[in-house]
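Participant: Sequence and computational prediction follow.
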Protein chains: 2
Amino acid sequence: MTNVLTPVSPAAHDDGATVDVASLGEVLLGRWAQVRLDARKLAGNPELHKIEGLSHTEHRERVFKQLGILVEQDGVHRAFPTRLGGSDDHGGNVAGFEELVIADPSLQIKGGVQWGLFGSAVMHLGNEEHQNKWLPGIMNLEIPGSFAMTEIGHGSDVASIATTATFDADTDEFVINTPFAAAWKEYLGNAAVHGVAAVVFAQLITKGVNHGVHAFYVDLRDPATMEFLPGIQGKDDNIKGGLNGIDNGRLAFDHVRVPRTNLLNRYGDVAADGSYSSPIASPGRRFFTMLGTLVQGRVSLNGAAVAASKVALKIAIQYATERRQFNAASDTEEVVLLDYQRHQRRLLPLLATTYAAAFAHEELLIKFDDVFSGKHDTDEDRQDLETLAAALKSMSTWHVLDTLQECREACGGAGFMVENRFTSLRADLDVYVTFEGDNTVLLQLVAKRLLADYSKEFRNLDIGILARFVVGQAADLTLNKTGLRQVAQFVADSGSAQKSAKALKDEDTQRQMLADRVQTMVAQVAAALKEAAKLPKDQGAAVFNDHQNELIEAARAHAELLQWEAFTDALNRVTDAGTKKVLTRLRDVFGLGLIEKHLDWYLMNGRISMQRARTLSPYINRVLAKLRPHALDLVDAFGYGPEHLRATIATGIERERQDEARDYYRKLRASSAGPIDEKVLIHKAKSASKV
Amino acid sequence: MTNVLTPVSPAAHDDGATVDVASLGEVLLGRWAQVRLDARKLAGNPELHKIEGLSHTEHRERVFKQLGILVEQDGVHRAFPTRLGGSDDHGGNVAGFEELVIADPSLQIKGGVQWGLFGSAVMHLGNEEHQNKWLPGIMNLEIPGSFAMTEIGHGSDVASIATTATFDADTDEFVINTPFAAAWKEYLGNAAVHGVAAVVFAQLITKGVNHGVHAFYVDLRDPATMEFLPGIQGKDDNIKGGLNGIDNGRLAFDHVRVPRTNLLNRYGDVAADGSYSSPIASPGRRFFTMLGTLVQGRVSLNGAAVAASKVALKIAIQYATERRQFNAASDTEEVVLLDYQRHQRRLLPLLATTYAAAFAHEELLIKFDDVFSGKHDTDEDRQDLETLAAALKSMSTWHVLDTLQECREACGGAGFMVENRFTSLRADLDVYVTFEGDNTVLLQLVAKRLLADYSKEFRNLDIGILARFVVGQAADLTLNKTGLRQVAQFVADSGSAQKSAKALKDEDTQRQMLADRVQTMVAQVAAALKEAAKLPKDQGAAVFNDHQNELIEAARAHAELLQWEAFTDALNRVTDAGTKKVLTRLRDVFGLGLIEKHLDWYLMNGRISMQRARTLSPYINRVLAKLRPHALDLVDAFGYGPEHLRATIATGIERERQDEARDYYRKLRASSAGPIDEKVLIHKAKSASKV
């Protein structure tokens, strides 16, 4: 490949920067490497692949059968108790599960509904008797089930769901009821066709008291006829924007009676006399504890989003190194797309963010495993896990949509063909940004936590990547409070010798700038909201609302910092010097890209001088050009094979075509049999007339 | 509707701001109001609506039949010559056509292929004989045809296509040939199934000279059997990311012979002896003139993107005024989504941009009609039209994707259901950003033009919204050159009494700031590129490449200014004072939003003080809150009825559900039969123990 625009050969080792693809691949595989490799082998099986163009009913049946294959191949039971045939391996379970997205996202999500939500609810919210009774059938798919939490009228606001479960002591039963249309359970996988049971979330009412949301095991259909049981109504959600291999639907319950013992009673129980008891006294804490057991959905969406981003970038970058367009630099040679600055600008920052998201996901997964294995399972650990999952899931699911879209556009018309994967993956992953918690709501949860930490005067949190932030924050606030920091930095920045953005490639400087932004934003919002807390609820709400946008942006800044920290930590796990050099540049693109994205904030808060700010974009452009020769290595390290990519344009077909075309023209020019260009004739005629 | 977060009733006339929906609707309908209304009536016909879930083969047949309905209803012939049954109405034709997107984008685009590209090429590139021979059959759909320009190896770079048409004087024929795989014609509508003919673009070679790209009329299939004619090969593109009602495919030609007279010879002809002649001496100008006749594709994509944005915002904003979520401000009342600041931030700036894009489209359409009707049809007019179409098509097609996605997310899970339109429209419109010219390439054409104008020392262009820019530029450059402007403004800005962003609501200030940015960016890039033009081609190309990103950003800034100018001009067409007030605020949201988006630029170039910059976002938030009560009126003015919206969540169903739920709770509270909340009990117990 000739690199027309950059005279230096891309193969040349520029100051020792090279990528050891194999060892970088191992770093990316992380702690659950073997599980991932096994899962990828499974995901390479054509029987598990999405077939485009199926009707939604055909697709649903195919995916249901695929779940059976997963059961046969023993690919989905790692999280379940050893005594029931699982292996109590929570981190490994999610690591394996998320790789299924590359076979078919519908498969990943339908499996997630069956084992990750429905099965998990029985496992985490039920007692041993519940587990023994239902988990075997759930695991082997004899009991396909729904996770009936969301209602039409209440999506992310689970505490407000309206379905009731009222205890009737006379019959020792709960009466599950849907009081109005907005309380229909909605968007439930397995509800439209395959579900024979469900875990239904409802307000538990006994002895005239509402004890809040609890989970109940409810039979839905007669497995023999697949007819709904008496009192249960359903509606098919029909075709969706994607994930059409899943039979989403609605459910309503008209005074449906279930035995008292169908209450999944780990965190709240009702005795035969109707008296309520719970190991957690506070209704609020109880609610969050129950919901917290379901965090694994967010963790695995985060991982799936990262996996799909990797696949997309491998396809688009492969194509960009083969495809030629416009003879910008020579009369005979067209330029490879990735040699264009704009193309580097489009794809390489997304690659940097994907690396950041991948490393952050690994930390999340370890945290998740620590909590669910019981290794580190305090209330604080669980809260940290919740916050981390909310922050990272939001970032990565939006990121994958941006990535798929940019890749699709960067491949032009070819990107729009379904055979090249982008449009299909994008349609399926679209809903990831609003399900298992709407990203906008999740970021507000993160912001809430940041504020809580702030008001508690930075209690010492020991939670990996969060810790550093808080320590930094505590040290920093004094300076900010006096206003000294701003002024000092502004003066230093504009007056010092370090007037170019190059100084920003220093790791500590990047960390300090990103952390400073989070700290300052949180402090500013907190100051504005201080009084609001004292006002009557309606007035206080109005003040909060006036700062909602800032709150969300502060949470996003925090999430970005977490990703940056994870990327930086990962650099220490890279031993090969050449690889480390390349990866450090990629991290710089990520970090400097964040500063560039928020440059207005840095400028208007006096954190960077005008002069240095102006040099930032050109500096990033130069780093991108240095990364360009390594782009293919960096996507190859993701380790996906043709059985995972399944994209025509990633097969080398474009290079073959381009080579054939160039060969044709080369021969034509050599043979003198080719036509002369009219422009050349005109030019010759003009030259002749001048002589 | 109770507005919980903002005490003021949304119906209250805040300082005279109201919207006269009917008269604003007329302003939006513009010059071709009646054509639009007729087209919308047609688009309301259920026979023309997209049916979700059809297989791509079923969808193709349905759309083909729909084209027949368009012919029957006389909806698609306005652009064709009066003598053949058309009405020579170019602007009206596009105005009507683009409304079809709301029935089914596949219908709009397949119609566009048949009449807008294939038919237009015969009309504009052929002579009267060609028109008389083929247009009647094209108009009545007896001759479904393809527009065979793009090749696999060359998308936006049409000048480099490799298909050849070599004249054979012995037989008086052209030999059309595909020399290699990359030269296959690709992504052609009507190629996979329905096309019996095509206009094929190829390098015209006669007497050993290549005269560049010309168009040839070529029969493809035997209409009786629908088999390909000898020498022609085809391949079905199969399923795409959207627009599956169109039978895209590939074509290759193996020395296919067509009569010499099949050359569409308006801009270049070959005599029987093989000698070439053209009314345009310069091959470059000839090429751009031929391609320029096809600008209407871009114009109508621009209009269709605007129409789809309007539909999406009407659906999402309707839902946002009905849907309630979280009881943020009261214990009993949940808040309507659009009362949340974040929700206003998500949807209302998109609404402002949609208005800007709509008004800019109207100006483009008028310009287009001026050129094609012959009213103002100089070379300069055509160049201006090209530039304007390239700039606006890029902005509006990206905008509609952003809008559809944000609307889909803002409606949560409901947004993902195909019955609510967003995902379906988004899938179909995705390709608009890369076809009829990849947006990234189009913006580079705009940038080229900006540079050309710059280097010719601002020759006086009289082209409506472009003119003001150039005049402003000439006046401004002297100041910039001396560096006086920056310093003066910076000092004035930070030192004056106008320290808040409120000063930016002044129209002239907005214009000056937006125009200044374009001018400065162009001047800066031009300065950097000055030397590059003198370097050898390869070195010069490298310098250009180093500034490609800046060039594209300059073009985008220019396009944004064009939209802002169009919006501002449109304010003068609004006579109702209350409406004008609201619309001026909406324009301010657009203008200030642009400044906010590029705030880093304004700061680092000393165009705005840090102090004022910090007040900008909060100020915009306040304007958004003022617009919120008028949001529904502003989308109602678009004039789309239920037959166009066809979205369940825009039918009022959500309000019914919410009302039913609130009624249920109200009765429960009144009856004292309802359960007591455990939290309330605990609170009471605590209070009691304190006594």
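Facilitator: Structure received.
Participant: Leaving out the residues flanking it, which one is nearest to A:Ala169?
Facilitator: A:Gly274 (4.5 Å; Cβ to Cβ, 6 or more residues apart in numbering or on different chains). Yep, even glycine has a C-beta here, placed from its N, CA and C like the rest.
Participant: hang on, that neighbour packs against A:Thr166?
Facilitator: No - counting by Cβ atoms under 8 Å, A:Gly274 stays clear of A:Thr166, with 10.2 Å between them.
Participant: A:Ser309 sits in which helix or strand?
Facilitator: In the assignment (DSSP states H and E), A:Ser309 maps to helix A:296-320.
Participant: quick one: whatever residue of the stretch 351-500 of chain A ends up closest to chain B and B:Val431, what's the gap?
Facilitator: Nearest to chain B, among the residues of the stretch 351-500 of chain A, is A:Thr423, at 2.7 Å (Cβ to the nearest Cβ). With distances taken as Cβ to Cβ, to the nearest Å, A:Thr423 is found 9 Å from B:Val431.
Participant: Overlap of the contact sets of those two?
Facilitator: Taking Cβ atoms under 8 Å, 6 or more residues apart in numbering or on different chains as the contact rule, A:Thr423 and B:Val431 both touch A:Phe416, B:Lys240, B:Gly241, B:Gly242.
Participant: which of those count as buried?
Facilitator: With neighbours counted by 16 or more other Cβ atoms under 10 Å in any protein chain shown, the shared contacts of A:Thr423 and B:Val431 contain buried members at A:Phe416, B:Lys240, B:Gly241, B:Gly242.
Participant: which of those lies closest to A:Gln114?
Facilitator: Nearest to A:Gln114, judged by Cβ to Cβ, of those is B:Gly241 at 28.9 Å.
Participant: Now do the phi/psi pair for the closest one.
Facilitator: phi -60, psi -20 (degrees, to the nearest 10).
Participant: Next, A:Phe167: secondary structure please.
Facilitator: strand (DSSP: H, G, I helix; E, B strand; the rest coil).
Participant: quick one: contacts for it?
Facilitator: Counted by Cβ under 8 Å, 6+ apart, A:Phe167 has contacts A:Glu173, A:Phe174, A:Val175, A:Leu204, A:Ile205, A:Thr206, A:Lys207, A:Arg260, A:Val270, A:Gly274.
Participant: ok, and the closest non-adjacent residue to the first one?
Facilitator: In space, and not counting its chain neighbours, A:Glu173 is closest to A:Arg257: 4.4 Å by Cβ to Cβ, 6+ apart.
Participant: so the one you found touches A:Asn177, yeah?
Facilitator: No - between A:Arg257 and A:Asn177 there is no contact under Cβ under 8 Å: 10.0 Å.
Participant: Compare these two (neighbour count), which wins?
Facilitator: It is A:Asn177, of A:Arg257 and A:Asn177, that has more neighbours when counted by other Cβ atoms under 10 Å in any protein chain shown, with 20 against 16.
Participant: Bridged to the more buried one, which residues?
Facilitator: A:Thr164 (DSSP bridges).
Participant: pLDDT value on it, please?
Facilitator: For A:Asn177, the model assigns a pLDDT of 98.
Participant: Likewise for A:Arg607?
Facilitator: 93.
Participant: and it, helix, strand or coil?
Facilitator: Secondary structure of A:Arg607, per three-state DSSP, is coil.
Participant: That one: how many residues sit nearby?
Facilitator: Using other Cβ under 10 Å: A:Arg607 sits among 22 other residues.
Participant: From chain B, how far out is the nearest residue to A:Ala165 once chain neighbours are set aside?
Facilitator: Spatial nearest neighbour of A:Ala165, excluding adjacent residues (Cβ to Cβ, 6+ apart): A:Ala202 at 3.9 Å. Distance of A:Ala202 to chain B, computed by Cβ to the nearest Cβ, to the nearest Å: 12 Å.
Participant: Tell me what A:Ala202 is bridged to.
Facilitator: Assigned bridge partners for A:Ala202, using DSSP bridges, are A:His214.
Participant: Distance of it relative to A:Tyr602?
Facilitator: From A:Ala202 to A:Tyr602 the distance is 49 Å (Cβ to Cβ).
Participant: Assess the claim that A:Gly111 and A:Phe97 are in contact.
Facilitator: Yes - contact criterion Cβ under 8 Å: A:Gly111 and A:Phe97 qualify, at 6.7 Å.
Participant: Inside helices: which ones of the buried ones among the shared contacts of A:Thr423 and B:Val431?
Facilitator: A:Phe416 (DSSP state H).
Participant: Dump the shared contacts of A:Thr423 and B:Val431 into TSV; add distance to A:Gln512 as well.
Facilitator: Shown next, in TSV, are the shared contacts of A:Thr423 and B:Val431 (distance: Cβ to Cβ, whole Å):
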residue	distance to A:Gln512
A:Phe416	43
B:Lys240	48
B:Gly241	43
B:Gly242	46
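Participant: helix/strand/coil for A:Phe147?
Facilitator: strand.
Participant: Please list all residues in contact with it.
Facilitator: Shown in contact with A:Phe147 (Cβ under 8 Å, 6+ apart): A:Val113, A:Leu117, A:Phe118, A:Ala121, A:Leu188, A:Gly189, A:Ala198, A:Val199.
Participant: Next: A:Gly578.
Facilitator: By Cβ under 8 Å, 6+ apart, the neighbours of A:Gly578 are A:His13, A:Gly16, A:Ala17, A:Thr18, A:Val19, A:Asp20.
Participant: If any of these are buried, put those into a PyMOL selection.
Facilitator: Only the buried entries of the contacts of A:Gly578 go into this PyMOL selection, using 16+ other Cβ under 10 Å:
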select buried, chain A and resi 17+18+19+20
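Participant: tell me which parts of the stretch 451-600 of chain A are close to chain B?
Facilitator: A:537-538, A:541-542, A:544-549, A:552, A:596, A:599-600 (Cβ under 8 Å from any Cβ of the partner chain).
Participant: Generate a ChimeraX selection restricted to the buried subset of those.
Facilitator: What follows is the ChimeraX syntax selecting those of these that are buried according to 16+ other Cβ under 10 Å:
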select /A:541,542,544,545,546,547,548,549,552,596,599,600
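Participant: ok, so of the contacts of A:Phe147, who is nearest chain B?
Facilitator: A:Leu188 (10.4 Å).
Participant: where does that closest one fall, phi/psi-wise?
Facilitator: phi -90, psi 120.
Participant: what are the ranges of the strands in the stretch 201-350 of chain A?
Facilitator: Assigned by DSSP state E, counting those that start in this stretch, the stretch 201-350 of chain A shows strands spanning A:209-219, A:232-236, A:249-253, A:256-259, A:269-270, A:276-277, A:324-325, A:335-336.
Participant: what about the closest residue to A:Asn262 other than its chain neighbours, neighbour count?
Facilitator: Distance criterion Cβ to Cβ, 6+ apart; nearest residue to A:Asn262, sequence neighbours excluded, is A:Tyr217 at 4.5 Å. A:Tyr217 is flanked by 24 other residues according to other Cβ under 10 Å.
Participant: How about A:Thr378?
Facilitator: Residues contacting A:Thr378 under the criterion other Cβ under 10 Å number 10.
Participant: Would you map out the domains in chain A?
Facilitator: Residue ranges for the domains of chain A, per automatic domain parsing: A:146-286, A:455-636, A:652-686.
Participant: Alright, calling it a day.
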